[in-house]
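A.B. asks: can you look at this prediction? I've put the sequence above it.
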Amino acid sequence: MINTGPIFQGKRFRAGPVAWVIYFNMPTDTKRVRGPEVSQSPSLFSCDPAAVLPSKGPRADGRRRDQVDVRPVFVRCGLVSQAKGSAYLEAGNTKLMCCVYGPRETDRKDETDMKCGRLTTDMRFAPFSCPERGSWIQGSQDKDFSLMLHESLQPAICLHKYPRSQIEVSVMVLENSGSVLAHAVTCASLALADAGIEMYDLVLGCSMRQDGTSYVVDPSYMEENGCSSGSCENQGGLTVAFLPSLNQISGLQSDGDMTEETLTAGVRTCIEGCYKLYPVIQRALTKAVCKAAPSQSES
Amino acid sequence: ASDVSVLWLPLPRSLLTCRTAEPLEYHRSFLKENCRPDGRELTEFRTTTLNIGSISTADGSALVKLGNTTIICGIKAELANPTVEAPGKGYIVPNVDLPPLCSSRFRPGPPGEEAQAASQFIADVIESSEVIKTEDLSIDRGKLCWVLYCDLMCLDYDGNILDACVIALLAALKNTRLPEVTINKETSAPEVNLEKRRELQIHKHLVSASFCIFDDSILIADPTAEEETLSTAHLTVVTDEDDRLCSVHKPGGTSLSGERLQECISRATTRQREIQKLIDKVAHSVKKAQ
């Protein structure tokens, strides 16, 4: 296999149609500056063996097992000047940002619905967000998350009030430190509220991980993906998207192998986690509204 | 100072509608008074804030806010085989991404023209100025080297992304710490010690300054997105700490006289000193905190 390497790095754009012939057997991205064909993460060659997480005892960051112990959350609305509404959420080391554009004219005119609006969601991971570098091209997992985000948010938005319009929600994960989908749902509904989109209720997300007989709420990246020393049965993860005022679940995602009782108990745990998050989110929204509203002295 | 107070009085309705209906006339009315709609002087740059090392999954990271424009740079280091032509050199692969979340003008999909042009500009600047010598990235000549993936992402697009990208890249490179790699003599396999890390050696402190030309004659520094769309030419000057010129990027547009170019270069050198002080201050405070 010919290694073209950095010779072509600087000249790709000027070569024009010739470049396509050269890259015929290289199906990777041709619109970006290319590096070596294959590169590996240094953690594969690490001298220390992979840390095995104990399935009993305290969690790595000091939170408790079998309790609804969610990470403290920092939220801020209205950080992006170009977007209609935006929100930034930090939970432990998980950092994500969401921007909302719209309501505006639909891109695809033939699919315009005269009676209600459309919601498009897009969830992306920055390449530096996970311990292993991700690629720029959206993989199937990104698309899967975008779809789940769409399912969770759609029931909460009054789309019938925006006929022939499109609302775009984009989430960008800057650092993935576990339970990314749950926090993305919360961040997205905050951004929608900041944009002034009419909704029936906020959508909050919470996730948990079942490990044998004990469970952890709001797992970190190591807890989600790390290998466990315990038995292989009754292991799995669950993410719930919940509307607190209406007491309805708009999205549920689960993987792994769990018994029925574990699953129902897990759903109840996640709902409790959402209720714990609710006052923080409400406070952040009221702060954002007060900041945007004219002060008393001016009016 | 007196100019600024006049600007912030409630504008008459006629001037407000003028901004959306006739943006060029609106900007011209300010330029006649030698200032801009946001109250800046013609050669004044927006407030720059810098935050280093906030992304723990990246080997080095930096977040830059230039007014409203926000760029985040994350650097990830991976291991690869060097090329046959350059066995003693590593790779630096920069990429600029303008996702749909930063502005409504970008649609989801492959990178557009502007993102590709910005990526190419950053790649050229790194290669020609040798801010990091690729020989420093070699571990085992001919067999193993480092690849530094520098991913720049725009979170808020309000003009002048090139300047913000260069600052973010430089700050992130200063923040990058590579783990120590040794080659096992018997198995000739690399062994990485993730706990022991060393810093990168930065040879040049590059800072860029962007300008744009209005009506073929008026030169303004650090344009916002609105000013960029109304201008007739763009110019970016990259200088280093020894007041040397690293790169001048002027992609077409109206012509510029020699003296105006010289003015831009001197403004760029002053800007370089301001930004270098800022980066050093922030890097020092991060080190002290560690």
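C.D. replies: Yep, that arrived.

A.B. asks: please verify my assumption that A:Gly266 contacts A:Gly256.
C.D. replies: No - the criterion here is C-beta atoms under 8 Å, and A:Gly266 misses it with A:Gly256 at 10.4 Å. Every residue, glycine included, has its C-beta placed from N, CA and C.

A.B. asks: for these two, list the residues in contact with both.
C.D. replies: Here A:Gly266 and A:Gly256 have A:Gln210 as joint contacts, going by C-beta atoms under 8 Å, 6 or more residues apart in numbering or on different chains.

A.B. asks: more crowded one of those two?
C.D. replies: Under the neighbour definition other C-beta atoms under 10 Å in any protein chain shown, A:Gly266 and A:Gly256 were set side by side, and A:Gly266 has more, 24 against 15.

A.B. asks: which secondary structure element contains the more buried one?
C.D. replies: helix A:260-292 (DSSP states H and E).

A.B. asks: list the buried residues for that helix?
C.D. replies: A:262, A:265-267, A:269-274, A:276-277, A:280-281, A:284-285, A:288 (16 or more other C-beta atoms under 10 Å in any protein chain shown).

A.B. asks: pretty sure A:Ser177 is touching A:Gly92, no?
C.D. replies: Yes - if you go by C-beta under 8 Å, A:Ser177 and A:Gly92 touch, sitting 5.6 Å apart.

A.B. asks: anything in contact with each of those two?
C.D. replies: Joint contacts of A:Ser177 and A:Gly92 (C-beta under 8 Å, 6+ apart) are A:Ser220.

A.B. asks: quick one: which of these two has more around it?
C.D. replies: Higher neighbour count among A:Ser177 and A:Gly92: A:Ser177, with 26 against 20, using other C-beta under 10 Å.

A.B. asks: could you look up the SS state of that one?
C.D. replies: What DSSP: H, G, I helix; E, B strand; the rest coil gives for A:Ser177 is coil.

A.B. asks: now, which of the buried residues of helix A:260-292 lie close to chain B?
C.D. replies: Checking the buried residues of helix A:260-292 against chain B by C-beta under 8 Å from any C-beta of the partner chain, not one of them is in range.

A.B. asks: check which helix or strand covers B:Cys212.
C.D. replies: Once you assign secondary structure using DSSP H and E, B:Cys212 falls within strand B:207-214.

A.B. asks: tell me how far that strand lies from the chain's centre.
C.D. replies: 12 Å (C-alpha atoms, centre = their mean, to the nearest Å).

A.B. asks: strands paired with it, and their directions?
C.D. replies: Paired neighbours of strand B:207-214 in the sheet (DSSP bridges): strand B:218-221 (antiparallel), strand B:233-239 (antiparallel).

A.B. asks: re earlier: for the helix holding A:Gly266, packing partners?
C.D. replies: On a contact count with 3 or more C-beta pairs under 8 Å, 6 or more residues apart in numbering or on different chains; DSSP states H and E, helix A:260-292 meets strand A:73-77, helix A:180-194, strand A:204-211, strand A:214-217, strand A:235-243, strand A:248-257.

A.B. asks: of all these, which one is nearest B:Val248?
C.D. replies: strand A:73-77 (38.8 Å; C-beta to C-beta).

A.B. asks: quick one: secondary structure of the closest residue to B:Cys154 other than its chain neighbours?
C.D. replies: Excluding the flanking residues, the one nearest B:Cys154 by C-beta to C-beta, 6 or more residues apart in numbering or on different chains is B:Cys102, at 4.3 Å. Classification of B:Cys102 by three-state DSSP places it in coil.

A.B. asks: and B:Cys102, how many neighbours does it have?
C.D. replies: 25.

A.B. asks: I'd like to know how far it sits from A:Ser189.
C.D. replies: From B:Cys102 across to A:Ser189, the span is 21 Å (C-beta to C-beta, to the nearest Å).

A.B. asks: same check, this time on A:Leu202
C.D. replies: In terms of C-beta to C-beta, A:Leu202 sits 5 Å off from A:Ser189.

A.B. asks: any stretches of the chain with poor pLDDT?
C.D. replies: If you meant another chain, say so; for now it's chain A. Within chain A, the segments meeting pLDDT under 70 span A:1-29, A:49-56, A:107-113, A:227-232, A:295-299.

A.B. asks: that was the other one, I meant chain B.
C.D. replies: B:1-17.

A.B. asks: pick out the residue of it closest to chain A.
C.D. replies: Using C-beta to the nearest C-beta, the closest approach of chain B to chain A is made by B:Gly74 at 2.8 Å.

A.B. asks: touching, that residue and B:Asp151? I think so.
C.D. replies: Yes - using C-beta under 8 Å, B:Gly74 makes contact with B:Asp151 at a distance of 5.3 Å.

A.B. asks: looking at the two, which has the bigger crowd around it?
C.D. replies: Legend: neighbour count by other C-beta under 10 Å for B:Gly74 and B:Asp151, higher for B:Gly74 (28 against 25).

A.B. asks: who in the stretch 101-250 of chain B is up against chain A?
C.D. replies: The stretch 101-250 of chain B has residues B:101-104, B:107-108, B:110-111, B:116, B:119-120, B:123-124, B:127, B:147, B:149, B:151, B:153, B:155-158, B:179, B:181, B:189-195, B:225 near chain A, with proximity defined as C-beta under 8 Å from any C-beta.

A.B. asks: narrow the residues you listed to those in helices?
C.D. replies: B:116, B:119-120, B:123-124, B:127, B:225 (DSSP state H).

A.B. asks: how near is the closest residue to A:Val203 other than its chain neighbours to B:Leu148?
C.D. replies: Counting by C-beta to C-beta, 6+ apart, A:Val203 lies nearest to A:Ser189, which is 4.2 Å off, once chain neighbours are set aside. In this view, A:Ser189 and B:Leu148 are 37 Å apart by C-beta to C-beta.

A.B. asks: which one's more surrounded, the two?
C.D. replies: Between A:Ser189 and B:Leu148, counted using other C-beta under 10 Å, A:Ser189 has the larger neighbour count: 30 against 25.

A.B. asks: in stretch A:180-196, what's buried?
C.D. replies: In terms of neighbour count (16+ other C-beta under 10 Å), stretch A:180-196 has its buried residues at A:180-195.

A.B. asks: kindly indicate which of the residues you listed lies nearest chain B.
C.D. replies: Here the nearest of these to chain B, counting by C-beta to the nearest C-beta, is A:Ala191; it sits at 9.8 Å.

A.B. asks: which ones are touching the closest one?
C.D. replies: A:Ala191 neighbours (C-beta under 8 Å, 6+ apart): A:77, A:83, A:85-87, A:98-100, A:169.

A.B. asks: save the residues you listed as JSON lines, and put in neighbour count and distance to chain B too.
C.D. replies: Shown next, in JSON lines, are the contacts of A:Ala191 (neighbours: other C-beta atoms under 10 Å in any protein chain shown; distance: C-beta to the nearest C-beta, whole Å):
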{"residue": "A:Cys77", "neighbour count": "25", "distance to chain B": "14"}
{"residue": "A:Ala83", "neighbour count": "26", "distance to chain B": "7"}
{"residue": "A:Gly85", "neighbour count": "23", "distance to chain B": "11"}
{"residue": "A:Ser86", "neighbour count": "26", "distance to chain B": "8"}
{"residue": "A:Ala87", "neighbour count": "31", "distance to chain B": "11"}
{"residue": "A:Cys98", "neighbour count": "32", "distance to chain B": "8"}
{"residue": "A:Cys99", "neighbour count": "32", "distance to chain B": "4"}
{"residue": "A:Val100", "neighbour count": "26", "distance to chain B": "9"}
{"residue": "A:Val169", "neighbour count": "29", "distance to chain B": "9"}
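
A.B. asks: so where do the helices sit in the stretch 51-200 of chain A?
C.D. replies: Taking DSSP state H, counting those that start in this stretch as the criterion, the stretch 51-200 of chain A contains helices spanning A:140-153, A:180-194.
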